[in-house]
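coords please:
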Amino acid sequence: MDRASVICRAIRRAILERALAPGDKLPEDQLGERFGVSRTLARHALGQLASEGLVELRRNRIAVVATPSFEDARDEFDIRIELERLVVRRLAGRLSPRQLAELAAHVDAEEAARGGSETTSLRLATEFHVRLAEMTGRPTLSRYVRETAYRSCLSLATFGRPHSPECAISEHRDVLAALEAGDEARAGELMAHHLDQVAQRALLKAPEARGDLMDILAPYAEAEAVTPRRRRQAVEN
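Modelled structure (predicted):
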């Protein structure tokens, strides 16, 4: 994996886990310093995240974590419901034993994370939907679902909806059972109901005070096995 992709994955995970909040600034020079790459490579990574709707690129090369409006959030869920109905129609009765085992293992990971970090549970729940879309083998559909799922997760961070892992886990298992049984209509109904309930439980909440953003990103950089070094020593890809 190239270094720009590594930076994208680390920042994306920080956003999905709410370590980074809507409106947080992402300076190219500080990101380059933190990840041990040039500003140009950091800018490329921010551009990729902007194409996913997670980052906004403003004038004077200022990048910030995107801040969706409440109307945007509701629209995203409406679009996501229709996209994921299409996903389950493609997958019902067509998943291989290996794919079913992978999805079941993912839901087991969600179960294991229950009672721990709420943000980890939310990220795992989002990744379940992304993985389903990827299993369709349809690149365009996968991209649209991935982008709307990430944006939906960001919207939930913006409006502070308390994540309910119990609901997510049981609903994911129900969807998976319908897919394994080949019940296309049932899978579609379950998926639509699940996503609609997630949207309806969104609540407004004032953001909590946090520390330095580059310090917040440090464990995400380390998790991607990126060794920070002086920016002047960074070599562009």
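
give the buried residues for the helix or strand of the chain with the lowest mean pLDDT.
Ranked by mean pLDDT, DSSP states H and E, the weakest helix or strand in the chain is helix 213-223, scoring a mean of 82. Residues 213-214, 217, 220-221 are the ones in helix 213-223 that count as buried (16 or more other CB atoms under 10 Å). Using the backbone N, CA and C atoms, a C-beta is placed for each residue, glycine as well.

make JSON lines out of those and add distance to Ala199.
Shown next, in JSON lines, are these (distance: CB to CB, whole Å):
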{"residue": "Leu213", "distance to Ala199": "28"}
{"residue": "Met214", "distance to Ala199": "33"}
{"residue": "Leu217", "distance to Ala199": "29"}
{"residue": "Tyr220", "distance to Ala199": "27"}
{"residue": "Ala221", "distance to Ala199": "32"}
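
for Gly115, state which of those residues is nearest.
Proximity to Gly115 was ranked across the buried residues of helix 213-223 by CB to CB; first place goes to Tyr220, at 22.7 Å.

with adjacent residues omitted, what lies nearest to the closest one?
Of all residues not flanking Tyr220 in the chain, Ala10 sits nearest, at 4.0 Å (CB to CB, 6 or more residues apart in numbering).

can you pull the contacts of the one you found?
Listed by CB atoms under 8 Å, 6 or more residues apart in numbering, the contact set of Ala10 reads 35, 217, 220-221, 223-224, 226.

ditto for Arg12
Residues counted as contacts of Arg12 (CB under 8 Å, 6+ apart) are 49, 52, 54, 150.

got a pLDDT number for it?
pLDDT recorded at Arg12 is 91.

can you name the next helix or strand after the one helix or strand it maps to?
Assigned by DSSP states H and E, Arg12 belongs to helix 3-16. Counting by DSSP H and E, the next helix or strand C-terminal to helix 3-16 is helix 28-35.

show me what counts as buried in that following helix.
Neighbour-count burial for helix 28-35, counted by 16+ other CB under 10 Å, picks out 28, 30-35.

low-confidence ranges in the chain?
Along the chain, the parts satisfying pLDDT under 70 run over 1, 157, 160-165, 201-210, 225-237.

so where do the strands sit in it?
55-58, 62-65 (DSSP state E).

please name the residues that touch the residue nearest the centre of the chain.
Most central residue of the chain, judged by C-alpha distance to the mean C-alpha position with CA atoms, centre = their mean, is Tyr150 at 3.8 Å. By CB under 8 Å, 6+ apart, Tyr150 lies in contact with 12, 15-16, 52-54, 126, 130.
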